[in-house]
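In: A predicted structure for the sequence below; I have some questions about it.
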2 protein chains.
Amino acid sequence: MAVRQDAGGTPERVDGGPTTWVYLFDQLDKIETERKPKDWEAVRTLLGGKGANLFEMTRIGVPVPPGFTVTTEACNAYLAADRSFPEGMWEQEVEAMRALERASGKRFGDAEDPLLVSCRSGSKFSMPGMMDTVLNIGLNDQAAQGLAKTTGDPRFVFDAYRRLVQMFGCVVMGMPDEPFEAVIEEVKAERGVHGDDELDADEWQRVTERFKKLFRGFTGNDFPQDPFEQLELATRAVFNSWFGKRAVDYRNATNIRHDLGTAVSIQVVVFGNMGEDSGTGVAFTRNPVDGTHEIYGDYLMNAQGEDVVAGIRNTKAIKDLALEMPDVYAEFAAICERLETHFKDMQDVEFTIERGKLWMLQTRNGKRTARAAIAIAVDMADTGLIDKREALVRVTPEQVDMLLHPQFSDVVKAEAAERGERLVEKAVNASPGAAVGRVVFDADTAEAWGKRGEAVIMVRPETRPDDVHGMIAAKGILTSRGGATSHAAVVARQFGVPAVCGADALRISVDRQQMSVERPDGVITVNEGEWISIDGGTGEVYLGELATHAPDFEREEHLRTLLVWADEVRRLGVWTNADYPRDAQRARGFGAEGIGLCRTEHMFFEEERLPVVQEMIMARNRERRVDALKRLLPMQRSDFEGLFRAMDGRPVIVRLLDPPLHEFLPAYEDLLQELADLKVRLQHFHTLSEIDEALTKVREKEDLLARVGELRESNPMLGLRGVRLGVMLPEVTEMQVRAIMEAASRVVQDGTAVHPEIMVPLTSDLGEFKVMAEIIHRIGSAVEKETGVTVPYKVGTMIEVPRAALTAGAIAAEAEFFSFGTNDLTQTTYGLSRDDAEAKFLIPYVEQGVIEENPFQHLDRSGVGRLIEIAVTEGRAERPDLHVGICGEHGGDPKSIEFCHMTGLDYVSCSPYRVPVARLAAAQAAIWHPET
Amino acid sequence: MAVRQDAGGTPERVDGGPTTWVYLFDQLDKIETERKPKDWEAVRTLLGGKGANLFEMTRIGVPVPPGFTVTTEACNAYLAADRSFPEGMWEQEVEAMRALERASGKRFGDAEDPLLVSCRSGSKFSMPGMMDTVLNIGLNDQAAQGLAKTTGDPRFVFDAYRRLVQMFGCVVMGMPDEPFEAVIEEVKAERGVHGDDELDADEWQRVTERFKKLFRGFTGNDFPQDPFEQLELATRAVFNSWFGKRAVDYRNATNIRHDLGTAVSIQVVVFGNMGEDSGTGVAFTRNPVDGTHEIYGDYLMNAQGEDVVAGIRNTKAIKDLALEMPDVYAEFAAICERLETHFKDMQDVEFTIERGKLWMLQTRNGKRTARAAIAIAVDMADTGLIDKREALVRVTPEQVDMLLHPQFSDVVKAEAAERGERLVEKAVNASPGAAVGRVVFDADTAEAWGKRGEAVIMVRPETRPDDVHGMIAAKGILTSRGGATSHAAVVARQFGVPAVCGADALRISVDRQQMSVERPDGVITVNEGEWISIDGGTGEVYLGELATHAPDFEREEHLRTLLVWADEVRRLGVWTNADYPRDAQRARGFGAEGIGLCRTEHMFFEEERLPVVQEMIMARNRERRVDALKRLLPMQRSDFEGLFRAMDGRPVIVRLLDPPLHEFLPAYEDLLQELADLKVRLQHFHTLSEIDEALTKVREKEDLLARVGELRESNPMLGLRGVRLGVMLPEVTEMQVRAIMEAASRVVQDGTAVHPEIMVPLTSDLGEFKVMAEIIHRIGSAVEKETGVTVPYKVGTMIEVPRAALTAGAIAAEAEFFSFGTNDLTQTTYGLSRDDAEAKFLIPYVEQGVIEENPFQHLDRSGVGRLIEIAVTEGRAERPDLHVGICGEHGGDPKSIEFCHMTGLDYVSCSPYRVPVARLAAAQAAIWHPET
């Protein structure tokens, strides 16, 4: 069972006989004999999903109203033959009706006690846009009169009849629904009533007559009185709906094959509204909210199915049925258990009680919350109903993710949206999770309010390194500029702070401490201190405080069990991206086996370091730079010490300085503005000392501006950063390597194992890597000599530009490991900058169907993936024990993790909160692709 | 002969005998018998280049002083055996000396009439850093006395002896030269004279004695009196010098193999200073400046070789020798002709006349100017001395380039540098050619001065679209920022205006109309109107007016002939990048066969269009945008009309709009500044109307600023440009396609054939291309219907991001042609921005040997080239007739053109001025790689 759904071909008749187009629900054996379907999927392909389940229920003895299914094969033959039924099909359908007559003891079109049937479409995959259901086929003028007499309930009969005419008109003949509804409204108005239930038998009969007139007016023909004509037209309508525009669009959008076709299921109608011993209901075989093993649902006595869902009458909880009809309930409960055991999954069932007799109308796998999905899968595996591998594929990685972040429920959000409180519908979902807090517009306020215990959402056009103290103090971050790799997004994910970025509908005025959004109904303005709620998982922003529900990994026992099973199955290692000891600690709690990426520059942004870093950058000569670096050394060393201790012997990959230096300095334009302001103020000073002081400031600012100007780049992403910095400023590399190796020595001396791996960023040529490797080994040896401690370490490189992948064979001659930086690799392979691209064309592209997926969300297999394959293959050819992983954001994306497994990577590395997700995704990949 | 030099292995003895380590100059036959060398290259490998030529001259009967060569094989054996001579070598060398004694009738070390020999190193390739020459080996105290008597010229003898001691000390024993020179200075001071020629025999003898003391002091041994000891030490010194540091470095830098070894040539010394019937000279067999077929050189009677080159005495033109010694001249002229015929190239010879007897000391292929190289190659092929293919590989593409741009001679530049007038030594050589003009700092002045006939050099920190009118009017362009793809560079190359960019040593103050450069000796300031000279081929800038020499393609008949031959040989087409009819015209004159790239955006920058383009960009809705586009349509149409007419039926590839829209608007910071200024000025207005007017301006500026702000991108190179613009603003695409197709229809109606090919820029996914192709075909059909004219056109795409190459198979299903944009492809493959990278790390990388070549200069074969190969192979697999070319700057680089040929591209496209270069390079590629 542990395979993904795949649309195989229709199982054809293999025993040599003429094609059977129609099967009765109890003829599953016949299908097996005639067609030898290779698996259950093949049966579903033939009968449609809903139909196949009815056959299966029938076979295992569940009481299902009799019926039959016209196969998808018949549909395809019909469509292929210019919409004419294949030979013998109609005759078989008529024959099947006769069988239903025999089984029910009623006759189709009978004037006294007519057999009524429903007609439903059903393809392998549930598909909106296809014809759904026509009920009560078989009613006509004569039968209605007869039935009214037989049942003594003419109101029920004419209500049923008018429903047939309406459904037949709309669904089969393509009439609009409005004229029908208008007639009902008119009749109610004539009668002076408001509810449908206030209309009596005569009035429903009048409605029926007027419906028939409408029908004639629209179609030019009388409503067909011949039940078989009704049946034939309904059958054709279902077939035709397969190529209805909405169905085709849906299939195109969801990659469902167009040659599957739809089946038609005809079933005897049973009535839950035949008195107080009749009823109808829907139920789940387990609690779909938390997974508890209990029947969970609603029912209504003397009612039709749609009454339960319509919410007009108050439904009763399913447990009441145990009191009201204990025998029926006992039978129902046993059936639920049996269906679950049979289908090996929690079922969502519909049932009707007709005059005390229980009928099961439908069963299907039930929808459930993430928590329930996990609980049910683990419980079913624990009790042996399914095996562990099956449990692992029952849960989606997204469901795991949901359990790890506070969430707004869809209901809460829908309600808020209805109240008009949705400010932003879709910005960049930069860091998942729900956050609620009061709006502040600068980092200092965020920090101050945060320290006094306020929940704040920090709102900025975009963030910069000197905003980090505020971002850490905030519950959530909201920006109007920048995408999912913007500073705000990266920092937010790092700290697990929910963030919505690039919400360009917002006008943020930091000066006025205000943000506003223009809407058709006017401008909404939010001031400092007002509450908002942001959903970092979807990119939505709401006014006010939305209710959240919060997770606790330690207490998620089902999840923890499932992930232990995942660990048994997966081949891929799961590492984490962590820059601080607290991140490392958290990731270990989530199960991380190593650090795949420690971004040393994040340490540079820390409050007490930034001034020293800036001094280093401003240094006009090597001596001054080395001096500043000397002061940075002990700080970096203590960072690494903490990290190594936290990881307790697990491998730690430290990436050398990556970003362009100007990121550590104020923005050029800000400086320009400040300088302009200073100069204006200068005009207002009078005393010499005032002027002198101001002039000194101006000069300082000018110096800073000049340096920032020098460091400015037209495309900073493609500028002096990564290994290029390391080669051009070897003293920075030396300091970092020394800090790493000294820290490692200290930890080793304390008796803790350390496995540092030093990673060179942005390599594009072996020559660059060689220069860095020389420095690293030189400093490594020097530290070893100084400390007398031998620390085994590795030297490797990021593969994050296409050329590194294309020349990976050469690079692997010197590098001991590769780590794919798929953010940059995607950017350079496509030639786009995510910050600029995502809002401006990438998301529109996906929406307009220009491209299938956002390559930053799921790794692009044909371009980026091909480069990865080249690099892995050629790297390993050169160095068979080359250790290869991924540390880009795709390392936390299940679909990309699947690719990493298929490509033979050794591990994926992702942010701490994605570690559990990756553990499951890696296990699923191993299950789906056992060969790799 | 038409093959490139390749270092094959030493030809070993194949006839079974013991190795011969030493060959006399007249034993070429013996070498051929013993070793059967496969070609002349193999002989050069064995004997070194210089040695091989001496053997060859001897064989053809040219009078060469007798001598012998110790082979490179001996050298390698010596080095392999821890620096001991291989068995039998020394004995063979001594035996060879005996043969020289027999041939000369003198004895080595003889007290009366000693045989003197020179000892020279000689490897296959001429190589600085190896031991060069020791003359006069064989002189010692006794021989000197004897020789003085025999010649009656003791001054000559002791001058020769002291030279031997000095050369032997410096070259063989590694002594510094300074102490020797100091002795001479001392002796001259004692004597009170200034010139060496004023010292007499006694003084030279004194000098010799003091040299011998120096020798003893430095080496601990007496200067060897045994001539054979001198010979042995000199032989060892030559061998050892093969692994001298400078020689190794040189080989590493020039990719010469380390296992070639060096030969040692020993030759009888002849003297040109033995009286008035002796002399010496150097000559070329053709004029090395213009290639005229005449002997060209200088000589001196009664002089030594070095006197001719030292320039102490005035030399005579070689023709005077015909008068002075007609017999000798006649013999010499015949030898020159013979050598040229034999070596099939212009020769650079050295000769000595010893007492009326002519000796040829050396012959080698002579260096020559570009013009001479071409003239000689064409003439030799015309007269049948070489074939056309050989003529084609004799000329380098760089030599062709030199003929197409005004140039400064090296001498002119060296003199200026010596005068301290070199302002910039090495900035980006952005657009080749020499330019001299007066400095101006803004476009308007450049235009105004240019219109009144002034030669101006436009100097800017960087240029923008609104500078173009000034750039066109300037003779040269100089910027302090930006690299070889900066706006300044691209525009400059486009118009063939020489440019030096990114000269960051310059401080340019546009405000003060001044630029300055800081130097150790102070600051040099250049004001508006002062003259400078820039060399766009090397990136140099000089103060003042340097003399240039200018080209005229029409009059370069030899070149035109050569290029016609190139056209007969090459397989690659040569197209051009041209945006305007005048460029197209020029390129056709140079031989372009089509337009490979017309950048439509350049038309947008034209003065009368820019405001309309800006209006289009500022449009807040589709309607306004379409309105502006309607006004652009006729302008674009007339551009294309001109282009199509100019190309007269040749294919024209028009690329749709590529750059990000903000490039057409003022810079954000400029606007910020202007706005700040406006606001300050606002405070000084008093009347309401003044304030009102100013406020309106502020509001306009603010609007513009807002729009520019919206369009700003953090990495514009990777942003909303190319196909992305085309997809997001389909109305722009529609206008451009309409302009192209309407123009084509008009030209066709006039009876001229047109082959437009519409090219989509920056495609990274088939989906994008499909959207564009749909628009193009839709508009194409519409125009066809409207005009009733059918114009055959093609639709294709740039391949300029790695993903396009990696998915080329899919893209080729829809695209009819590919054009590799290797500028962007290099940038994205490496993940670098040329503007940011070149000065900051790429050029330093090359200088420091981190990488071998600047990939923007020569196409990177292992990364970018591999992508090209993938795209060509997979594109052609999908569409066998896929037409493939290159339009990046590499299309004009010979080394890259070679790769294009090897990869099977159909054509290269380059700027008009590179077309002749490309024609030759393509022919050479075809000659070197006949298989592709």
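Out: Good, I have the coordinates. Numbers count the residues shown, from 1 in each chain, chains lettered A, B, ... in the order given.

In: buried sites along the longest helix seen in chain A?
Out: Longest helix in chain A by number of residues (criterion: DSSP state H): helix A:622-647. By neighbour count with 16 or more other C-beta atoms under 10 Å in any protein chain shown, helix A:622-647 contains the buried residues A:625, A:628-629, A:632-633, A:635-647. Bear in mind the C-beta positions are built from the backbone N, C-alpha and C, glycine included.

In: can you give me the helices in the stretch 701-850 of chain A?
Out: Remark: helices assigned in the stretch 701-850 of chain A by DSSP state H, counting those that start in this stretch are A:723-728, A:730-749, A:766-787, A:802-806, A:808-812, A:822-830, A:834-837, A:843-848.

In: quick revisit: the longest helix of chain A versus helix A:730-749: what angle between them?
Out: Using axes from the mean of the first three to the mean of the last three C-alpha atoms, to 10 degrees, the direction of helix A:622-647 lies 30 degrees away from that of helix A:730-749.

In: same for helix A:622-647, what does it pack against?
Out: Other helices and strands packing on helix A:622-647, by 3 or more C-beta pairs under 8 Å, 6 or more residues apart in numbering or on different chains; DSSP states H and E, are helix A:581-590, strand A:595-599, helix A:600-604, helix A:610-618, strand A:651-655, helix A:730-749.

In: least reliable of the ones you listed going by mean pLDDT?
Out: Here the helices and strands packed on helix A:622-647 differ in mean pLDDT, and the lowest is helix A:600-604 at a mean of 84.

In: pull out the buried residues from that one.
Out: Residues of helix A:600-604 classed as buried by neighbour count (16+ other C-beta under 10 Å): A:600, A:601, A:602, A:603, A:604.

In: other residues contacting it?
Out: Counting by C-beta atoms under 8 Å, 6 or more residues apart in numbering or on different chains, the neighbours of helix A:600-604 from elsewhere in the structure are A:491, A:494, A:579-580, A:609-610, A:613, A:632, A:635-636, A:639, A:654-659, A:663-664, A:736.

In: what residues does residue A:624 make contact with?
Out: Residue A:624 makes contact with residue A:615, according to C-beta under 8 Å, 6+ apart.

In: then residue A:464?
Out: Residues counted as contacts of residue A:464 (C-beta under 8 Å, 6+ apart) are A:487, A:666, A:667.

In: and which of those residues is nearest chain B?
Out: Here the nearest of the contacts of residue A:464 to chain B, counting by C-beta to the nearest C-beta, is residue A:487; it sits at 10.4 Å.

In: how about that closest one: what's its closest non-neighbour residue?
Out: Spatial nearest neighbour of residue A:487, excluding adjacent residues (C-beta to C-beta, 6 or more residues apart in numbering or on different chains): residue A:463 at 5.1 Å.

In: ok, the one you found - contacts?
Out: A:443, A:471, A:477, A:479, A:482, A:486, A:487, A:488, A:491.

In: so for it, what's the pLDDT?
Out: At residue A:463 the predicted local distance difference test score is 86.

In: now the longest helix of chain A, how far from the centre of its chain.
Out: Helix A:622-647 has its C-alpha centroid displaced from the chain centroid by 40 Å (C-alpha atoms, centre = their mean, to the nearest Å).

In: using JSON lines, please lay out the helices and strands packed on helix A:622-647 together with distance to residue A:102.
Out: As requested, the helices and strands packed on helix A:622-647 are arranged in JSON lines below (distance: least, C-beta to C-beta, whole Å):
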{"stretch": "helix A:581-590", "distance to residue A:102": "62"}
{"stretch": "strand A:595-599", "distance to residue A:102": "68"}
{"stretch": "helix A:600-604", "distance to residue A:102": "77"}
{"stretch": "helix A:610-618", "distance to residue A:102": "87"}
{"stretch": "strand A:651-655", "distance to residue A:102": "73"}
{"stretch": "helix A:730-749", "distance to residue A:102": "83"}
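
In: many thanks, we can stop here.
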